[in-house]
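K.L.:
need a structure here:
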Amino acid sequence: MSSKLSVLTLIIKRQILCDNYYFRATSRKSIIKFNNYTTFSHQNQSQLQKEKLSISQNLTFYSCEDNHSEDRDVKRQLLVLFAWLFAKERHLDKYRKLYIQKGFDVLTVKIQVLDFLIPSRGSHIVAQDIVNFLKDNETKYSTFIFHAFSVGAYQMGEVFVHLQKYENQTVHHKTQQSLKGIVYDSAIDVNEAAMGLSKASTNNSILQKFISTAMKTHLKIFYNCCTKHYILSSNSIHRPDFKCPILVLLSRNDEVANHVNTFKTIEGWKASGVKVFHKCWENSPHVSHYFKYPQEYQTLIETFLKNIN
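P.N.:
Below is the predicted model:
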């Protein structure tokens, strides 16, 4: 147990150095409605729009300039972007810009290691924050697109689980109507979590093995408070309640996301009647397809958006 705690401490220190992240208190107040947003100046106004709006520690909102009209007849589109662990803002900006140029507002979701390790204090709160955002702004959008990277797919699954709760029936119905497509980019499943966390935390192979072992121990010891929630999230993705089209972006040499498992998932979706598009590169690192093949990646996203519209 002491060695496991040492590993978790190492992960936390690594995360603080990378993201300057400090763990939240158990109770926190999230800001959801548009008129309550806290505004921050954007550092790159020429590439994105003029303001970045903070909703909570995990959620940030970017508004497309074309969506500023208050005319209720104007159809607005929302992208919910589920980031990978330790994602840097300058990398996420590339994806945000891609969608903003297509007329989407963008809600970015970033979870940290502790959000993943302790769902009741982390990913569950984040999921409900997202559900609240969708509920409070349901009349503003006719179209939702979800785009999930790596472990972000787990957080998206938590959103699906929360949408199935009785108290979220109204927003569940709205999401069924408005969710037009889902993009999975280098998505990992619960059985790949240990490997994914280890490789996201360090490039040192010895530490990777150590962290992977600690994570597997964590999954066994904390089944009731953690692992069962990872499985519920995974089930909500493998057996989706939302039958919208899916685009899967993956690579055969991805060291984190297993392409064989992903293809099995694709076949399961197709068997259930879901329309699935996919692109599998022979050589492309984890969550780096856009950076390695920018023009092709952009064309894939644009084509997918046209197909679902």
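K.L.:
Can you classify residue 280 as helix, strand or coil?
P.N.:
At residue 280 the chain is in strand, as set by DSSP: H, G, I helix; E, B strand; the rest coil.
K.L.:
can you give me the strands in this protein?
P.N.:
38-41, 51-54, 59-62, 77-82, 104-109, 143-149, 179-185, 246-251, 276-281 (DSSP state E).
K.L.:
Using CSV, lay out those strands together with mean neighbour count, mean pLDDT and distance to residue 121.
P.N.:
Every C-beta, even on glycine, is put in place using the N, C-alpha and C of the backbone. CSV is the format used below for the strands of the chain (neighbours: other Cβ atoms under 10 Å; pLDDT from 0 to 100; distance: least, Cβ to Cβ, whole Å):
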stretch, mean neighbour count, mean pLDDT, distance to residue 121
strand 38-41, 10, 34, 22
strand 51-54, 17, 77, 20
strand 59-62, 21, 94, 16
strand 77-82, 25, 96, 19
strand 104-109, 24, 96, 16
strand 143-149, 25, 96, 21
strand 179-185, 24, 96, 26
strand 246-251, 24, 96, 30
strand 276-281, 16, 96, 34
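K.L.:
Distance to residue 233 added to those, as JSON lines?
P.N.:
Converted to JSON lines, those look like this (distance: least, Cβ to Cβ, whole Å):
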{"stretch": "strand 38-41", "distance to residue 233": "29"}
{"stretch": "strand 51-54", "distance to residue 233": "25"}
{"stretch": "strand 59-62", "distance to residue 233": "18"}
{"stretch": "strand 77-82", "distance to residue 233": "12"}
{"stretch": "strand 104-109", "distance to residue 233": "14"}
{"stretch": "strand 143-149", "distance to residue 233": "11"}
{"stretch": "strand 179-185", "distance to residue 233": "14"}
{"stretch": "strand 246-251", "distance to residue 233": "16"}
{"stretch": "strand 276-281", "distance to residue 233": "20"}
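K.L.:
now for those, which one comes closest to residue 267?
P.N.:
Closest to residue 267 of the strands of the chain, according to Cβ to Cβ: strand 276-281, at 8.8 Å.
K.L.:
What lies in contact with that closest one?
P.N.:
245-252, 259, 263, 266, 269-270, 289, 292-293, 296, 300, 304, 307 (Cβ atoms under 8 Å, 6 or more residues apart in numbering).
K.L.:
Kindly report the same for stretch 99-108.
P.N.:
With Cβ under 8 Å, 6+ apart, stretch 99-108 has contacts from 48-49, 55, 59-64, 66-67, 76-81, 83, 92, 96, 130, 133, 141, 145, 147, 301-302, 305.
K.L.:
do the same with stretch 119-136
P.N.:
24, 26, 28, 30, 32-33, 55-56, 58-59, 80, 107, 109, 111-112, 114-116, 144, 154-155, 158-159, 161-163, 168, 170-171, 174-175, 225-226, 229-230.
K.L.:
show me where the stretch 1-150 of the chain has helices.
P.N.:
With DSSP state H, counting those that start in this stretch as the criterion, the stretch 1-150 of the chain has helices at 2-19, 89-100, 113-117, 123-136.
K.L.:
can you tell me which of those the model trusts least?
P.N.:
Ranked on mean pLDDT, the bottom entry among those is helix 2-19, at a mean of 46.
K.L.:
show me the contacts for residue 170.
P.N.:
Applying Cβ under 8 Å, 6+ apart, the residues contacting residue 170 are residue 135.
K.L.:
Relative to residue 241, how far out is it?
P.N.:
15 Å (Cβ to Cβ, to the nearest Å).
K.L.:
what do you get for residue 287?
P.N.:
26 Å.
K.L.:
and these two? which has more neighbours close in?
P.N.:
Set side by side, residue 287 and residue 241 show more neighbours around residue 287, with 25 against 13, by other Cβ atoms under 10 Å.
K.L.:
list the contacts for that one?
P.N.:
Contacts of residue 287 by Cβ under 8 Å, 6+ apart are 84, 87, 149-150, 185-186.
K.L.:
again, but for residue 141
P.N.:
76-78, 105, 178.
K.L.:
give me that answer again for 6 Å
P.N.:
Residues near residue 141 by Cβ atoms under 6 Å, 6 or more residues apart in numbering: 76, 78.
K.L.:
buried sites along stretch 83-91?
P.N.:
Neighbour counts using 16 or more other Cβ atoms under 10 Å place 83-87, 91 of stretch 83-91 among the buried residues.
K.L.:
for that stretch, how far is the first residue from the last?
P.N.:
Start-to-end span of stretch 83-91 (Cα to Cα, to the nearest Å) is 10 Å.
K.L.:
got it, and stretch 251-259?
P.N.:
Taking Cα to Cα, stretch 251-259 runs 6 Å from one end to the other.
K.L.:
Report the contact partners of the most centrally placed residue in the chain.
P.N.:
Ranked by distance to the mean C-alpha position of the chain (Cα atoms, centre = their mean), the top residue is residue 82 at 1.8 Å. Residue 82 makes contact with 109, 148, 152, 155-156, according to Cβ under 6 Å, 6+ apart.
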